[in-house]
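Asker: Please find the sequence and the predicted model below.
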Amino acid sequence: MGYPHMHAALARERQDTLLAEAQAARLAREAREYRRRAPSTAARGARFRRAPGWLPSAWSRLLTSRPDSA
């Protein structure tokens, strides 16, 4: 025994799935294009170049001063 509206319901569900996948692909493409148009990584990293003068020296002290393990 079959249900008369089963095929229509399955077709509608498949259509909704395809439309949702197409929308997700479109949003992903738009996001990629937006990131390409956004300022480069060097420009985003500029805030670290404006940091106070003690920051680079503190990092260098932290990275180079290790106690002798011998």
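Answerer: Sure, I can see it.
Asker: what pLDDT, on average, does stretch 31-50 get?
Answerer: Average pLDDT, stretch 31-50: 68.
Asker: same deal with stretch 13-20?
Answerer: Mean per-residue pLDDT for stretch 13-20: 96.
Asker: tell me the helices in the chain, going along the chain?
Answerer: Applying DSSP state H to the chain gives helices spanning 6-37, 41-44, 46-49, 54-64.
Asker: Enumerate the positions of the longest one that are buried.
Answerer: I take that to be helix 6-37. Across helix 6-37, burial judged by 16 or more other Cβ atoms under 10 Å covers no residue at all. Using the backbone N, CA and C atoms, a C-beta is placed for each residue, glycine as well.
Asker: by contact count, what packs against that helix?
Answerer: Helices and strands touching helix 6-37, as assessed by 3 or more Cβ pairs under 8 Å, 6 or more residues apart in numbering; DSSP states H and E, are absent.
Asker: Against Ala22, how distant is Arg35?
Answerer: To Ala22, Arg35 is 21 Å away according to Cβ to Cβ, to the nearest Å.
Asker: try Tyr3
Answerer: Separation of Tyr3 from Ala22 (Cβ to Cβ): 29 Å.
Asker: Likewise for Gln15?
Answerer: Here the criterion is Cβ to Cβ. By it, Gln15 lies 11 Å from Ala22.
Asker: for Arg12, same thing?
Answerer: Separation of Arg12 from Ala22 (Cβ to Cβ): 16 Å.
Asker: Next: Met6.
Answerer: As judged by Cβ to Cβ, Met6 and Ala22 stand 25 Å apart.
Asker: No further queries at this time; thank you.
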